[in-house]
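1. Everything below, folded, please.
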Amino acid sequence: MTIDVWMQHPTPSFLRNDIFASLLRWTGQTIPEGEIPIELTLGAMDAASVGVGLLSAWYGPNGAWISNDEVAALVRAHPTRFHGLASVNVMEPMTAVRELRRAVKELGMKG
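-> Next comes the predicted model:
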C-alpha cells in the first residue's frame with residue numbers, strides 16, 4: 001500500500017493565501033468558488049494508488065490556513081483513508097503545546 005505522509009485537502013482560505021499566487025499564475029488556474037469536495041482528493045489518491053494519507057493541518061504567519069478541526073472532521077468522515085497531522089503557531093509555544101495536546105487527545109490526531 002502506498003501512503004502519502006504529508007498531504008492537504010485545500011480549503012478556500014488555504015488556496016487564497018498569497019503564497020500560492022505565482023503558482024496559480026504559472027499554471028493558469030483560478031481558485032474555485034466555495035468548498036472543494038473531498039471526493040476530488042479521494043479521486044486523486046485513487047488515481048495514484050494512494051491507500052492512506054496523513055492529512056495535515058497548516059498554520060501560517062497569519063493563523064490557520066487549514067485548521068486542526070477541519071482536518072479532524074475529514075478524518076472522521078473517512079477514517080480508513082486519512083489520519084490527521086496537527087499544526088500549531090510555533091511563535092506561541094505554550095499555546096502550541098496546549099493545542100497539540102488537544103489535537104491528539106480530543107481530535108485523535110496522529111502527529
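2. ok now the worst-scoring helix or strand of the chain on mean pLDDT, how far from the chain's centre?
-> Here the helix or strand of the chain ranked lowest by mean pLDDT, DSSP states H and E is helix 12-15, holding a mean of 84. Put simply, helix 12-15 sits 10 Å off its chain's centre (Cα atoms, centre = their mean, to the nearest Å).
3. moving C-terminal of that helix, what's the next helix or strand?
-> helix 21-27 (DSSP states H and E).
4. then that following helix to PDB, C-alphas only?
-> What follows is helix 21-27, C-alpha atoms only, in PDB (Å, rounded to 0.1, in the frame of the first residue of the first chain):
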ATOM      1  CA  ALA A  21      -0.500  33.500  -6.300                       C
ATOM      2  CA  SER A  22       2.600  32.800  -8.500                       C
ATOM      3  CA  LEU A  23       1.700  29.100  -8.800                       C
ATOM      4  CA  LEU A  24      -1.800  29.900  -9.900                       C
ATOM      5  CA  ARG A  25      -0.500  32.400 -12.500                       C
ATOM      6  CA  TRP A  26       2.100  29.900 -13.700                       C
ATOM      7  CA  THR A  27      -0.400  27.100 -14.100                       C
END
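5. residues making contact with that helix?
-> 30-31 (Cβ atoms under 8 Å, 6 or more residues apart in numbering). C-beta here means a position set from N, CA and C on the backbone, and glycine is covered the same way.
6. which residues touch Pro79?
-> Applying Cβ under 8 Å, 6+ apart, no residues contact Pro79.
7. That one belongs to a helix?
-> No. Judged by DSSP: H, G, I helix; E, B strand; the rest coil, Pro79 forms no part of a helix; its state is coil.
8. quick one: low-confidence ranges for the protein?
-> Applying pLDDT under 70 to the chain flags no residue at all.
9. for it, what spans make up the helices?
-> Using DSSP state H, the helices found in the chain span residues 12-15, 21-27, 38-47, 68-77, 93-105.
10. list the helices and strands the shortest one packs on?
-> What that stands for is helix 12-15. strand 63-66 (3 or more Cβ pairs under 8 Å, 6 or more residues apart in numbering; DSSP states H and E).
11. quick one: contacts of the strand it packs on?
-> Outside strand 63-66, the residues touching it (Cβ under 8 Å, 6+ apart) are 8-11, 13-14, 17, 56-59, 87, 89.
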